[in-house]
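K.L.:
sequence plus the predicted model coming up.
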Amino acid sequence: MPKLTIDGVQVEVEPGTSVLQAAEKLGIEIPRFCYHERLSVPANCRMCLVEMERAPKPIASCAMPCSDGMVIKTNTETVRKARRGVMEFLLINHPLDCPICDQGGECDLQDQAMGYGFDHSRYGESKRAVTNKNLGPLVATVMTRCIHCTRCIRFIDEIAGVPVLGATSRGEHMEVTTYVEQAIDSELSGNLVDVCPVGALTAKPYAFTARPWELRKTESIDVFDAVGSNIRVDVRGPEVMRVLPRLAEDINEEWISDKSRYAIDGLKRQRLDRPYVRRDGKLVATSWDDAFAAIAQRLNGVPGSRIAALAGDLADAESMLALKDLMIALGSPHRDCRQDGAQFDVSARAGWLFNSGIAGIEQADAILLIGTNLRWEAPLINARVRKRYLQGGLKVGVIGPQHDLTYPTTLIGAGPQSLEDLIEGRHGFAAVLKEAKRPLLILGTGAVQRRDGLAVQALARRAAETFGMITDDWNGYNFLHLAAARTGGLELGFVPGEGGLATAGIVAAAGAGELDVVYLLGADEIDGGRFGKAFVIYQGHHGDRGAHRADVVLPGAAYTEKNATYVNTEGRAQWGRQATFAPAEAREDWKILRALSAVLGHPLPYDSLGAVRRQLAATSPVFGAIDARVAASWAPFGGPGAVDAVPFAAPIENFYMTDPISRASVTMAQCTEAFILPAREKTGTHG
């Protein structure tokens, strides 16, 4: 490994390490604009110039690989003069927008101009102006501020895989733009705001609303999919102003999806802020005591066999545990956390976990996707697959609907029969999987939301075993959940008890009059009319489908308003933290259930968040290992029976509206209008 000296200190680095990276290893800061750790190196801003012994002029440290015996100086007068000159050039055409620019206070150009720049400019000519571009409803542009670092071009091409940005013209006429004016149709486009080192690209929904020093910052977990992205929630007073990504190498790296970032305006709309009871066919605001009394009166004398509970996609583990314990106390075995009706074997953890881990995708050399559209179901997992593809040597096969996943794929077939053919070796991709050293399979929820779901899962297990995906040091069988609540619900056993009904059975029994009471914990994806004349209790934070059907509404807290535990699709328990307070009389969900249990005469055995979490840890070791994956042992799972010839269907029709929060979001409605509706008109589909 090469050894070099930087500012008099010797350091040994891996081959291929750049001088800039070696300096960072020693804690030496080198300014930069175009360089980004996760993007290719263009070396075009020249801000990272350093002196190298025996070199005739300063070198760009981001693009110079380290070599043995190299002597580098990062803080000489020559280096300082070169950096001042570069900064002077960068500011020649940059407008004096700092008082109004949304990047003010967290702008790399501001910071580095103060630290490394000149105190005056010798440029007296008029500054050039550049026309702003329309990149869609999420990213605002002030292209006169652009310093041509090309980070946005490289991100949208390399990470997002939608190469719509580029540079046109040359010299002082160069502009960063879309070649034909269009909105950026990517689920990761909001990350352009993060990678832009100046105020050329900013968040359109956040424009002119707050300054960074006004915001209170809270580290939390995203709930808009099952990836469990690490986020930072910024609030001012009671209002969530923005959501930004946090670094989590094993999960979301430093990116988040557009829905995670921009759907937060839905937290301000259609909120439930007080209890309601239905009287004379209408929901009427009432007190907590009256709401609880109405529930107690209706439950009086009702046997447990005629009571059921369903947990929704955004429910936290604490509230699901409390609801499960309450149902057991009432004698009800009817409960389920799979409100989408997915049919899979819950008895073996390996059958419903992302066993390789999200970061494990980077070790795979062949991937089989079954009944999943990764780009909509988990954009960050899709980005991880693209990252592995760009490293070379990866082949991806698809069974199910074919989508533009931002990397080449081989279409094997449309349904379960194609998977059987693959297992029997009747398709060329079977040889690819056989020859792979680390083959990997991702089974999507869309493949098991069918009557033959258990048989499909058994078939996927056969494929994993047939193609060598299960070894002592590798488990390439992965199940991809859609909901943040799903894995946590399965871990704590929010599934039918002995003789209990699952989601489809609960809905059918309620419609047939065989169930008297249905408790919905944020379950909004089921048509309320299917519950027949059952007494419906809805606990949640938005006036969505569940609340419209309910006979009693109990207002809960959204994910930014409570301390809660979520388990992502790979089985990693993480803590979301309270950033602000729930509106008016809304309360944390587990507290509502604890108070209700006392009124019903079955008080739950915990009175604090710590006590609830101790109970969670006693239920499953996953909840005692926060931020760590608990591996599952391989065991048979799935069910017998023949598979249906019907092709797999996509479980998501609109990426931007999948839950009560995003359906209440004006920004997500704008995205739907800009991206989803034109695509449906183009293909002639509706939904």
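P.N.:
Yes, it's here. Residues are numbered from 1 along each chain as shown.

K.L.:
so what's Val612 up against?
P.N.:
Residues in contact with Val612 (CB atoms under 8 Å, 6 or more residues apart in numbering) are Glu318, Leu321, Ala322, Trp590, Tyr606. Where C-beta positions appear, they are placed from N, C-alpha and C, glycine not excepted.

K.L.:
okay, these in JSON lines with distance to Arg530 and secondary structure next?
P.N.:
Below are those laid out as JSON lines (distance: CB to CB, whole Å; DSSP: H, G, I helix; E, B strand; the rest coil):
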{"residue": "Glu318", "distance to Arg530": "28", "secondary structure": "helix"}
{"residue": "Leu321", "distance to Arg530": "27", "secondary structure": "helix"}
{"residue": "Ala322", "distance to Arg530": "26", "secondary structure": "helix"}
{"residue": "Trp590", "distance to Arg530": "28", "secondary structure": "helix"}
{"residue": "Tyr606", "distance to Arg530": "34", "secondary structure": "coil"}
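
K.L.:
ok, so of those, who is nearest Ala484?
P.N.:
Within these, the smallest distance to Ala484 is 13.4 Å, found for Glu318 (CB to CB).

K.L.:
from Ser61, how far off is Ser18?
P.N.:
Applying CB to CB, to the nearest Å, the value for Ser18 to Ser61 is 7 Å.

K.L.:
also Leu422?
P.N.:
Distance, Leu422 to Ser61, using CB to CB: 49 Å.

K.L.:
more crowded one of those two?
P.N.:
Legend: neighbour count by other CB atoms under 10 Å for Leu422 and Ser61, higher for Ser61 (29 against 24).

K.L.:
hmm, that one is touching Ile28, no?
P.N.:
No: counting by CB atoms under 8 Å, Ser61 does not reach Ile28; the two are 10.0 Å apart.

K.L.:
which residues are in contact with each of those two?
P.N.:
In contact with both Ser61 and Ile28: Thr74, using CB under 8 Å, 6+ apart.

K.L.:
before we move on, back to that, for Glu514, state which of the contacts of Val612 is nearest.
P.N.:
Checking the contacts of Val612 against Glu514 by CB to CB gives Ala322 as the nearest, at 25.6 Å.

K.L.:
which element is the residue lying closest to Leu374 once chain neighbours are set aside on?
P.N.:
Nearest residue to Leu374, sequence neighbours excluded (CB to CB, 6 or more residues apart in numbering): Asn382, at 3.9 Å. Element membership for Asn382 (DSSP states H and E) is helix 379-390.

K.L.:
is it true that Asp234 lies in a strand?
P.N.:
Yes: looking at Asp234 with DSSP: H, G, I helix; E, B strand; the rest coil, it is inside a strand.

K.L.:
quick check: phi and psi on Arg242?
P.N.:
phi -160, psi 160 (degrees, to the nearest 10).

K.L.:
how many residues are close by it?
P.N.:
Arg242: 20 surrounding residues under other CB under 10 Å.

K.L.:
report the contact partners of it.
P.N.:
Contact analysis of Arg242 by CB under 8 Å, 6+ apart lists Ala203, Tyr206, Ala210, Leu215, Asp234, Arg261, Ile264.

K.L.:
who's it bridged to?
P.N.:
In this entry, Arg242 is beta-bridged to Asp234, by DSSP bridges.

K.L.:
what's the spacing between it and Val518?
P.N.:
Distance from Arg242 to Val518, by CB to CB: 37 Å.

K.L.:
check Val130 too.
P.N.:
Applying CB to CB, the value for Val130 to Val518 is 58 Å.

K.L.:
just Arg46 next, same as before
P.N.:
In terms of CB to CB, Arg46 sits 65 Å off from Val518.

K.L.:
what do you get for Ser61?
P.N.:
Distance of Ser61 to Val518, given as CB to CB: 64 Å.

K.L.:
what does Phe479 give?
P.N.:
From Phe479 across to Val518, the span is 27 Å (CB to CB).

K.L.:
how about low-confidence regions in the protein?
P.N.:
Applying pLDDT under 70 to the chain picks out residues 683-687.

K.L.:
could I have stretch 337-353 exported to PDB, CA atoms only?
P.N.:
What follows is stretch 337-353, C-alpha atoms only, in PDB (Å, rounded to 0.1, in the frame of the first residue of the first chain):
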ATOM      1  CA  CYS A 337     -51.300  -6.600  10.600                       C
ATOM      2  CA  ARG A 338     -51.500  -7.400   6.900                       C
ATOM      3  CA  GLN A 339     -54.400  -5.200   5.900                       C
ATOM      4  CA  ASP A 340     -53.400  -5.700   2.200                       C
ATOM      5  CA  GLY A 341     -54.400  -9.400   2.700                       C
ATOM      6  CA  ALA A 342     -51.000 -10.700   1.800                       C
ATOM      7  CA  GLN A 343     -50.800 -14.500   2.000                       C
ATOM      8  CA  PHE A 344     -47.500 -15.800   3.400                       C
ATOM      9  CA  ASP A 345     -46.300 -18.100   6.100                       C
ATOM     10  CA  VAL A 346     -45.800 -16.200   9.300                       C
ATOM     11  CA  SER A 347     -44.400 -19.100  11.200                       C
ATOM     12  CA  ALA A 348     -40.800 -18.800   9.900                       C
ATOM     13  CA  ARG A 349     -39.000 -15.500  10.200                       C
ATOM     14  CA  ALA A 350     -36.700 -16.200   7.300                       C
ATOM     15  CA  GLY A 351     -39.700 -16.300   5.000                       C
ATOM     16  CA  TRP A 352     -40.700 -12.700   5.600                       C
ATOM     17  CA  LEU A 353     -37.300 -11.000   6.200                       C
END
